[in-house]
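*Asks:* Predicted model and sequence follow; I will ask about them next.
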Amino acid sequence: MARKETYKGLGVEELKSMKMEEFMKLTCSRDRRTLKRLNQNPGFKRLIEKIRNHIKTGSKKKLKTHVREAVILPEWLGLTIGVYNGKEYKNVEITYDKLGRRLGDFSHSVGRVLHSGPGVGATRGSKFVPLK
């Protein structure tokens with residue numbers, strides 16, 4: 001039996017046809033507050049208009065943004081957005097499990113650092129480590 005993907009019990013068509021106020025009821029309070037204050041964040045508002053225009057025209061051009069604090073909306077389902085992490089644009093594919101989260105959650109700005117063992121001359125104590 002194939003598993004049908006839903007977001008809080010709602011399918012694709014229901015989500016895409018949903019108005020902003022209806023989606024806000026499904027999100028947490030922090031995201032509701034952000035969505036209510038769209039006029040105070042012109043970057044996020046511009047991104048929403050840019051994505052709506054992209055969907056309307058059916059453009060194949062890749063979307064890029066620096067707005068990492070943008071809340072992912074249901075009308076963006078299926079899109080791939082390049083999110084800037086301070087060095088490069090990381091592709092974020094919008095799926096059900098990402099709805100209501102932030103774009104920056106999926107484009108990490110800090111990578112994992114793996115250090116090797118201390119080398120000769122790294123510290124004063126390494127002077128006494130025998131070489132092979």
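*Replies:* That came in fine, so what should we check first? This structure is a prediction, so every number in the text was calculated from the model and none was measured.

*Asks:* Let me know the helix or strand that residue 43 is in.
*Replies:* Element membership for residue 43 (DSSP states H and E) is helix 42-57.

*Asks:* ok, now how distant is residue 17 from residue 10?
*Replies:* 10 Å (Cβ to Cβ, to the nearest Å). All C-beta atoms are positioned from the backbone trio N, CA, C, and that covers glycine.

*Asks:* Quick one: neighbours of the spatially closest residue to residue 99 that is not a sequence neighbour, just the number.
*Replies:* Closest residue to residue 99 apart from its sequence neighbours, by Cβ to Cβ, 6 or more residues apart in numbering: residue 7 at 5.1 Å. Neighbour count for residue 7, taken as other Cβ atoms under 10 Å: 20.

*Asks:* So which residues of the chain form helices?
*Replies:* 12-16, 20-26, 29-36, 42-57 (DSSP state H).

*Asks:* could these be laid out in CSV, adding mean pLDDT?
*Replies:* Shown next, in CSV, are the helices of the chain (pLDDT from 0 to 100):
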stretch, mean pLDDT
helix 12-16, 76
helix 20-26, 83
helix 29-36, 87
helix 42-57, 91
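
*Asks:* And the ones you listed: which comes nearest residue 89?
*Replies:* Of all the helices of the chain, helix 42-57 sits nearest to residue 89, with 13.9 Å by Cβ to Cβ.

*Asks:* what about the closest one, distance to the chain center?
*Replies:* 16 Å (Cα atoms, centre = their mean, to the nearest Å).
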